[in-house]
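Colleague: give me a 3D structure for the following:
(3 chains)
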Amino acid sequence: MSEKAKGDLLGAACPVPIIDHKQIVLGHGSGGKLTADLVQKIFLPAFNNPYLERLDDQAVFHLNGTRLALTTDSFVVTPIFFPGGDIGRLAVNGTVNDLAMSGARPLYIAAAFILEEGLLTDDLGRISGSMQAAASEAGVSVVTGDTKVVNRGKGDQVFITTTGLGIIEKPVTISADRAQPGDKILLSGYIGDHGIAIMSQRENLEFEGAVESDTAPLHSLVAAMLEASLEIHCLRDPTRGGVATTLNEIAARSRIGMELEEREIPVREAVKGACEILGLDPLYVANEGKLLAVVAPEAASGVLEKMRAHPLGRGARLIGAVVAEHAPLVLMRTEVGGTRIVDLMIGEQLPRIC
Amino acid sequence: MKYLDEYRNGEIARNLIQEIGRILTRSWVLMEVCGGQTHTIVKHGLDTMLPEGIELVHGPGCPVCVTSLELIDKAHAIARRPEVIFCSFGDMLRVPGSVCDLFTLKSQGADVRVVYSPLDCLKIARANPHKKVVFFAIGFETTAPANAMLVWRARREEVRNVSVLVSHVLVPPAITAILESPYNRVQGFLGPGHVCAVMGYEEYEPISARFKVPIVITGFEPLDLLEGTLITLRQLESGRAEVENQYGRAVTREGNKAAKQLVFSVFEIGDRKWRGVGAIPRSGYKLRPEFYDYDAERLFEVQEISTEEPAICISGQILRGIKKPHDCPAFGTLCNPEHPLGATMVSAEGACAAYYTYGRHLKEEVR
Amino acid sequence: MCLGIPGKVLESFDVNGLRMAKVQFGGIVREACLEYTPEAAVGDYVIVHVGFAISKVDEEEAARTYKLLEEMGQLGELEAPDAEDSAARGSGP
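Modeller: Residues are numbered from 1 along each chain as shown, chains lettered A, B, ... in the order given. As a prediction, the model looks like this:
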């Protein structure tokens, strides 16, 4: 490297990490820094509107006096059948949850299928049956859809893209930018189940042990929480990228800091064991049936009680608080008593030997 | 989890910290050798708990970081070939060579697979008889028994379509190189627990004696590291310099005889180039001649590629404990895990990457 | 380096002459090779690195050293290897 170039580099001390990919890599889909980068550098400038800028999992807008929530999501999970569910169930619950996180009652789902040539028709039948079962459990209907088929090798058996529509009936504004110093952070239960269930099926990483995906529709849990208090400022389901990524997003959007207690964050023994041997951190592992809530301090105990009374919130815990200091850092007091920063993940978490 | 959870006990940790504070009369610089130990320290915030006056510098115990650029480029050249199934531990996937990394090659269509155990490669080789399976055999002495077993069994079971690309590095020569440097600041070592579970700790005794430094073989859980620190400080404060074993539940002085036997049947000691540090004589393992037919470097004619590390990168000094990630002008800005400039940022275990992952580029002092 | 996790041997068996085992880590079970820990029996704990047991956990030693750690807070000082030194520093009873 020439002296001049070295000088230039030293002079150009830009605080934003340089992410200079000429091609999309798998990490762009992991929900961490690379994904955020894609959104910031490509999608936001391209679409440029105030709804999108909020970067919530759903868009909320008024239509003739009614508040509606609209969301979309794609499901590309492999394997398509896994312990605790399948891609169909995941698709319906995932969409229901994106709507529920705005306080909406989910109503209708549209589902588009991209099928790979060679997919077993029976498998498609199973997936559709699964979707219908999940839909009726959640009180929604799959009202329209589309089907395309791509050549063998051009798709991973089946991709499902859903669009969901819901209605917000309570006078709440739930959004990632509403967290305030003093707010309490609540988590609805055990983390890491879904990601580890999927990992347990991956080639060469298999293990035995009942870890099932926690895929579940959370709208009735949210409804119960809203009965306790309307002072719920943020709601997010920590899917890809896990709890760590979700909390960092909220901290960034709300421009606040967070302080967590590691000992309050519940992890099942089986998930812990799998994470230990593979060298993964449960805070970054995907969940599909859990939520994080940031609530006003006076509402916290009431909301927590309602959560614990609900089948999907039995393991709910108060895991931390929002602070004004060190924004937008999420700090955590570790179980041993030290302090650690919980940062955004870079790319996909990979098993390690070191 | 037994033998794990109890070593994360907060009360005992506090007592250890208190005892450390009680005996400390001046400042000391300690080095924890293993990347895994660095990981634990930063993940649990152990360094935020230690009293001022104890500086922990991070050692070169990251076999991923120190794998030479040439070898990584060779790995990539091999992985690109259509007849090859390239298998690796997850750690190596994001390590950049001169052009790109294994992850990118995978996105371009190369058959790159993550394995948990080297033995998985035998299964893959048998399932794909018309392909050539190549395993990236990296690691310190800890991983050598596993890698050796792959080669041993391949011969025994006559699996012909598997080979290994070897990049084993050894800890004692690395520690010696650090201590020999005129810029060395390290006064005591937390020794590599799992390396010693395999090799024993006899070979550290002459090093400790020659340089008059305490070397305390330490485990990987928070209480292990705190206890190891305490034992090292006790020695330093009382002017002693010996090898002690904190990790007695897993380490003995002689090590694992069965493992050592197989390792030395398959590998022999040779010179090795360490990324960011340079060539250290007799600091690595290579295959013995009787196993040359499993040596990927010989089987695939991969040309030598001339490589140059970016001048701004100070990973050589970081690996030797002379500087810390913060001292580098590029840390967290030009150089980050997505776009690493050098050895210590390339893998999740490198000091720079560990610091970065745990947010240290954002907040220098975390208390 | 060297992610080595302690697990409990549930059963051991032979695969092509290689001694393997089912090892339990918390709530999951994974296979590991026991060739390097021939003395490990069902019920023992081993440290597993990349699918190989590299050491058998010395449970007695673990219990002994852990007890010392636990007692540290209670006695006001860790049982020091060099008792003279501790006395010289005037620490504890």
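Colleague: now the helices for chain C?
Modeller: C:59-75, C:83-88 (DSSP state H).
Colleague: least reliable of these going by mean pLDDT?
Modeller: For the helices of chain C, mean pLDDT drops lowest on helix C:83-88, to a mean of 43.
Colleague: run the chain-centre distance for stretch B:49-60.
Modeller: On the basis of CA atoms, centre = their mean, to the nearest Å, stretch B:49-60 sits 19 Å off its chain's mean C-alpha point.
Colleague: nope, stretch B:241-255 is what I was after
Modeller: Centroid separation for stretch B:241-255 versus its chain: 19 Å, with CA atoms, centre = their mean.
Colleague: pLDDT score assigned to residue 30?
Modeller: The chain I'm using is chain A. For residue A:30, pLDDT reads 69.
Colleague: should've been chain C
Modeller: pLDDT, residue C:30: 91.
Colleague: and for residue B:306?
Modeller: Note for residue B:306: predicted pLDDT of 57.
Colleague: what's the closest residue to residue A:69 other than its chain neighbours sitting at in phi/psi?
Modeller: Nearest residue to residue A:69 in three dimensions, chain neighbours excluded: residue A:104, at 3.8 Å (CB to CB, 6 or more residues apart in numbering or on different chains). To be clear about C-beta, it is placed using only N, CA and C from the backbone, and glycine gets the same treatment. Main-chain dihedrals, residue A:104, degrees, to the nearest 10: phi -80, psi 150.
Colleague: give me the distance between the spatially most central residue of chain C and residue A:179.
Modeller: With distances taken as CA atoms, centre = their mean, residue C:57 lies nearest the centre of chain C, 3.3 Å away. For residue C:57, the distance to residue A:179 equals 45 Å [CB to CB, to the nearest Å].
Colleague: now residue A:343
Modeller: Going from residue A:343 to residue A:179 by CB to CB gives 18 Å.
Colleague: domain map for chain A?
Modeller: Split into domains by automatic domain parsing, chain A comes to A:57-168, A:184-341.
Colleague: want to throw those into a markdown table with distance to residue C:43?
Modeller: What follows is those, written out as a markdown table (distance: least, CB to CB, whole Å):
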| stretch | distance to residue C:43 |
| --- | --- |
| domain A:57-168 | 28 |
| domain A:184-341 | 18 |
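Colleague: winner for burial among those domains?
Modeller: Comparing the domains of chain A by mean neighbour count (mean count of other CB atoms under 10 Å in any protein chain shown), domain A:184-341 comes out on top with a mean of 22.
Colleague: span of it from start to end?
Modeller: Its first and final residues considered, domain A:184-341 spans 18 Å by CA to CA, to the nearest Å.
Colleague: equivalent analysis for stretch A:95-108, please.
Modeller: Distance between the two ends of stretch A:95-108: 10 Å, counting by CA to CA.
Colleague: can you tell me the closest non-neighbouring residue to residue C:10?
Modeller: residue C:22 (4.6 Å).
Colleague: neighbours of the one you found, how many?
Modeller: By other CB atoms under 10 Å in any protein chain shown, the residues close to residue C:22 number 18.
Colleague: what is the strand ranked longest in chain C packed up against?
Modeller: For chain C, the longest strand by residue count, based on DSSP state E, is strand C:5-15. On a contact count with 3 or more CB pairs under 8 Å, 6 or more residues apart in numbering or on different chains; DSSP states H and E, strand C:5-15 meets helix A:269-278, strand C:18-25, strand C:28-33, strand C:45-49.
Colleague: all good on my end, thank you.
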